[in-house]
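In: I'll drop the sequence and a predicted model, then ask my questions.
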Amino acid sequence: MGQGKPGENGGKPGDLLIKIIIENDPKYKLQGVDLYTNLYLTPWEAALGTKVNLFSIDEEVSLYIPQGMQSGETLRINGKGYYNGKGGRGDLIAQVQVMVPKVMTPEEKQLFTKLQEVSKYNPRKIELT
């Protein structure tokens, strides 16, 4: 307060207001003080569960991925978002994206073919309970 231009006719200086515009990064999207990012997983990581390292804006965090993660699900890491200006921080929210290989080795293709043969899982079959 009082950091602006001097007031008229010898009055007190006004307030200096600064507007900061933060552009989204290709890796992060800022909504309020929460940061959103994508977390890319292989099909086997999503199915079996794993531990991955994910970068926040100032450090690398270790994140446990439970088995059965689906594309579109989100994981929230508390206190790893943007600073709120009052000593606190928002959250880092990672949206899971399960990625399949576009190019496979012969062994990978063989394993996926075997999985197709033995698996009874069908995501298009809706079970009514």
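Out: On my side now, so go ahead. Numbers count the residues shown, from 1 in each chain.
In: pull the residues that contact the longest helix along the chain.
Out: Counting residues, the longest helix found in the chain (DSSP state H) is helix 106-118. Residues from elsewhere that reach helix 106-118, judged by Cβ atoms under 8 Å, 6 or more residues apart in numbering: 101, 104. For glycine as for every other residue, the C-beta is placed from the backbone atoms N, C-alpha and C.
In: strands paired with the lowest-mean-pLDDT helix or strand in the chain, and their directions?
Out: Ranking every helix and strand in the chain by mean pLDDT, DSSP states H and E puts strand 29-31 at the bottom, with a mean of 91. Strand pairing for strand 29-31, determined by DSSP bridges: strand 34-41 (antiparallel).
In: report the buried residues of the strand it pairs with.
Out: 34-37, 39, 41 (16 or more other Cβ atoms under 10 Å).
In: quick check: mean pLDDT across the longest helix of the chain?
Out: Helix 106-118 carries an average pLDDT of 96.
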